[in-house]
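[1] Below is the sequence, then the predicted model.
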Amino acid sequence: MGEDLLLNVYLHPPVLQMAKAGRLGFLNRMTGLLQERGWTVRIGHSGDGPRALAPARPGFALFNMERPTHDRALTFRLAYHYPYWRLERQAERWRWPIARAEFDPDRIGDGPAANFAARLRERVLPGPEPQRGDHILIPLQGHLRKRRSFQSASPVGMIRHAAMTGRPCIATLHPKEIYDDRDQQALERLQDEFPNLTVGGDTAALLRDCAFVVTQNSSVGFDGLILGKPVVLFAQSDFHHVTLNAAHLGADRAIAMAPDHQAPVQKFLDWFLRRNSLDMMAPDADERLIQAMKKGGWPV
């Protein structure tokens, strides 16, 4: 079986370069655990060609934030902030076990959760105390004019629902997305229709002082929870448990409820990250990672 104890890791730059230089801690830890058990780990390029060939290769496969190509493959990604990770059979966050799990705040103590959330905020989002301003922050992702299967409205439709409130609305563009002329024209038409809508700005700064966040399922929404902001989701997500869901409540009702929405967010962050992710700084990090690999079907 020695030949089968092979892991092919498929990565894109710059993560590929980080991994080859030994600077990707999660992969370093996984590699060490597997090598102790007689595995061979090979790191190489991802892309259309390597992904097409992956199912026919011996052993197992690992992708980063990409859909696994066969039943011996898993995907890994950061659970929003270091040192928390996910190792999953599917790339879609809303299909992960954590998305389907029930969050019960009564099972988590107030004090430990508050301490965890405070330390997390200080570490990952340091700065002045967040203020509850008047504007709605709308962090955009991609495919602005298209409603996809996991969304309750297209991003353009989502902006319209928020702008119809009359509140100041600021839609910010994702730095890694490419927006074509038709996307830009759609945003311009919305600005012409709604004088209360602005497009562009510093997302991090605007998040700190916004009234609440309206998003599909952007990680900015998760950061909003860390800063104590109400969040309205227009798409399925892995962190929906303490948000207002436009699909369930209706878009206009969800947005109307947002200014006064209160949820046990500190307990949720403790549950989501510390208790239900792969915390690579936890004393039992190796055990958690081994169990995740076993759940993924790898013989470790």
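    Ah, there it is.
[2] Skipping its backbone neighbours, what lies nearest the spatially most central residue of the chain in space?
    Here the mean C-alpha position of the chain is nearest to the C-alpha of residue 219 (C-alpha atoms, centre = their mean), at a distance of 4.9 Å. Spatial nearest neighbour of residue 219, excluding adjacent residues (C-beta to C-beta, 6 or more residues apart in numbering): residue 80 at 5.6 Å. Bear in mind the C-beta positions are built from the backbone N, C-alpha and C, glycine included.
[3] And what about the one you found, helix, strand or coil?
    Under DSSP: H, G, I helix; E, B strand; the rest coil, residue 80 falls in the coil class.
[4] Quickly find the element holding residue 213.
    Using DSSP states H and E, residue 213 sits within strand 212-215.
[5] What lies in contact with the biggest helix by length in the chain?
    Identified as the longest helix of the chain according to DSSP state H is helix 110-124. Contacts to helix 110-124, defined as C-beta atoms under 8 Å, 6 or more residues apart in numbering, come from residues 81, 223, 226, 227, 264, 265, 266, 267, 269, 270, 273, 274.
[6] Can you tell me the element residue 138 falls in?
    Going by DSSP H and E, residue 138 is in strand 136-139.
[7] what mean pLDDT does whichever helix or strand comes after that strand have?
    On the C-terminal side of strand 136-139, the nearest following helix or strand under DSSP H and E is helix 155-163. Average pLDDT, helix 155-163: 98.
[8] now swap in stretch 185-203 and tell me
    So the average pLDDT for stretch 185-203 ends up being 97.
[9] Ok, stretch 34-53 next?
    Averaged across stretch 34-53, pLDDT comes to 98.
[10] Figure out how far it is from the centre of its chain.
    24 Å (C-alpha atoms, centre = their mean, to the nearest Å).
[11] hmm, who's touching it?
    For stretch 34-53, contacts defined as C-beta under 8 Å, 6+ apart pick out 2, 5-12, 16, 19-20, 27, 30-31, 59, 63-64, 66, 69, 300.
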